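Peer 1: Here is the input, now give the coordinates:
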Amino acid sequence: MNPQLKLLKFFGLLAAVACLSATSDSLASEGASRLPDWLNAHVGAGTGEIAPKVLERARALYLEQVSQGKVRSACYFAMDATRPNDLTDGASGGRFYIICEAERSFRVISSGHGGGRNLHGVANFTNGRRCAKNFGNALNSNLTAGGAYLTSEIKTSFKGYYSVSPKQDALLTRSFVQFDGIGETGNARERAIGGHASALVSGICMLKKPDSPYANSDGFVPRGKLVTYAGGRSDGCTSWSPSETPQVLSMVKDNPTTLYIYPESKDIAAVSKAVAAGQSPTRLGLYWNASCLQEIGVPRFWPKETLEPIITKFVQDHPAPPPRPVPICERSP
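Peer 2: Model (predicted):
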C-alpha cells in the first residue's frame, strides 16, 4: 500500500477515535444537564416520586462511572433516606429507586434505614422505624451512611429453617450484595455494608435434622420463625422486601452499577445549621423530606473519627456475657 495512503488511514483512525471519545463526553455532559421528559415526570416530593437533588446526584454518579468504564449496566440506583419508611397505614414507604433510562423505566421499592444503637449512659444514636435522624459511617454503629457506592459481588448464606405448616418446614437463604463505597463511604466493605432482603429467622432453637446439607457436626440445624421487616430498620445495610429483592439481584449479578444514597454528611450539616438558626432549609435551597424533618427535628451525622472510639470504649467497659447454648427444639415455634 502507498505509504501516504497508510498515513492518511492512520490519522483518519485517530480522528475517528477522538470523535467517538468527544461524542461520549458530550453525551455524558448533556445527560447530566438535560433530563429526559419521561424521567422528569417522576421528579417531585409526592409518593412514588424522586426529589430533584437525589436524582441529580445519582445520575451524575452513574454517568461518571460509565465514562470511566467502571459500569456498563443500563440501570442505576438511588435511595432517599430522608423519606419515611414505615407509613401510617402499615405499608412500607417507597424510597429506593431503580432507573433504566434506555428502557424509560422508573421503579420505586421499599428500603430500610440503619437502626443505630443506644450506648446507655454514653451516646444514643438510635432511629425510629419511620424516619432516620442519625446517620454515620462508624464501624459497629448500625447507621446508614449517605454517599456514592458501587455494587459488587453477591454472597448467599443459610439463615435457618422455619415452619410453613404443622408438618412442613422451609429454609431461608439470603443473598447479600456487597457495596464498595467512594470517598466518605470508602469503608463500606470494612463495615460489611450492602443490600439484602428484609427477612430473617428469629427465636432460634436447634432441630435434629442430620439429613440436611446445613446440619452441623452433631446433625442439628437452626429453626425458628420467619420474620420480614420491609417497614423496619437494618444494621446499616440497604434492605429490600423479599418480593422485590430478586429483581435487584438479577440486575447486579456480574454487572455492577451505581447506588447513590442521600443525604451525605454535608447535607446533614447544612440542614442542621438551618434548622438550628430557625431558617427554612427549602428556602435556602436545601433538601430534606418535610414530613420526616418535622418528626426528627435536627438530623445528625456521626463521623467515624468521633464515634468509633466511643463504641470501642463502651464495648471494653461492657463486655458481652458468655454465650448461652442454643436450646434444643421441643415443639413447633
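Peer 1: for the stretch 101-250 of the chain, what spans make up the helices?
Peer 2: 245-252 (DSSP state H, counting those that start in this stretch).
Peer 1: which residues in it form strands?
Peer 2: 105-110, 113-114, 118-119, 123-124, 134-136, 147-165, 168-182, 194-197, 199-208, 220-228, 233-234, 238-240 (DSSP state E, counting those that start in this stretch).
Peer 1: The second one pairs with which strands, and in what direction?
Peer 2: Strand 113-114 has the following sheet partners, assigned by DSSP bridges: strand 233-234 (parallel).
Peer 1: The fifth one too?
Peer 2: Its sheet considered, strand 134-136 pairs with strand 300-302 (parallel) by DSSP bridges.
Peer 1: Mean confidence (pLDDT) on the partner strand, please.
Peer 2: Per-residue pLDDT over strand 300-302 has a mean of 98.
Peer 1: Buried residues, it. List them.
Peer 2: 301-302 (16 or more other C-beta atoms under 10 Å). Bear in mind the C-beta positions are built from the backbone N, C-alpha and C, glycine included.
Peer 1: Next secondary structure after it?
Peer 2: Once strand 300-302 ends, the next helix or strand along the chain (criterion: DSSP states H and E) is helix 304-317.
Peer 1: Report all helices and strands that that next one contacts.
Peer 2: strand 118-119, strand 123-124 (3 or more C-beta pairs under 8 Å, 6 or more residues apart in numbering; DSSP states H and E).
Peer 1: hey, C-alpha coordinates of that helix in PDB?
Peer 2: C-alpha atoms of helix 304-317 as PDB (Å, rounded to 0.1, in the frame of the first residue of the first chain):
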ATOM      1  CA  LYS A 304     -16.300   7.600  62.300                       C
ATOM      2  CA  GLU A 305     -13.400   9.600  63.800                       C
ATOM      3  CA  THR A 306     -15.700  10.700  66.600                       C
ATOM      4  CA  LEU A 307     -18.000   7.700  67.100                       C
ATOM      5  CA  GLU A 308     -15.600   4.700  66.700                       C
ATOM      6  CA  PRO A 309     -13.600   5.500  69.900                       C
ATOM      7  CA  ILE A 310     -16.800   5.900  71.800                       C
ATOM      8  CA  ILE A 311     -18.100   2.500  70.600                       C
ATOM      9  CA  THR A 312     -14.800   0.800  71.300                       C
ATOM     10  CA  LYS A 313     -14.600   2.100  74.900                       C
ATOM     11  CA  PHE A 314     -18.200   1.200  75.500                       C
ATOM     12  CA  VAL A 315     -17.600  -2.400  74.400                       C
ATOM     13  CA  GLN A 316     -14.500  -2.600  76.600                       C
ATOM     14  CA  ASP A 317     -16.400  -1.300  79.600                       C
END
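Peer 1: if I look at Trp240, how far off is Ala45?
Peer 2: Per C-beta to C-beta, to the nearest Å, Trp240 is found 22 Å from Ala45.
Peer 1: More neighbours: these two, which one.
Peer 2: In terms of neighbours (other C-beta atoms under 10 Å), Trp240 is the more surrounded of Trp240 and Ala45; the figures are 24 against 14.
Peer 1: Tell me who's in contact with that one.
Peer 2: Counting by C-beta atoms under 8 Å, 6 or more residues apart in numbering, Trp240 touches 96, 109-111, 195-198, 230, 248.
Peer 1: What does the pLDDT read for Tyr162?
Peer 2: Per the predicted model, pLDDT is 97 at Tyr162.
Peer 1: Give me the below-cutoff pLDDT ranges for the stretch 1-150 of the chain.
Peer 2: 1-33, 86-92 (pLDDT under 70).
Peer 1: same thing but at 50, please
Peer 2: Applying pLDDT under 50 to the stretch 1-150 of the chain flags the ranges 1-31.
Peer 1: Over to the stretch 201-333 of the chain?
Peer 2: In the stretch 201-333 of the chain (pLDDT under 50), the answer is 332-333.
Peer 1: Which among the strands of the stretch 101-250 of the chain is found nearest to Glu330?
Peer 2: strand 199-208 (7.6 Å; C-beta to C-beta).
Peer 1: What is that closest one packed up against?
Peer 2: Under the contact rule (3+ C-beta pairs under 8 Å, 6+ apart), strand 199-208 is packed against strand 147-165, strand 168-182, strand 220-228.
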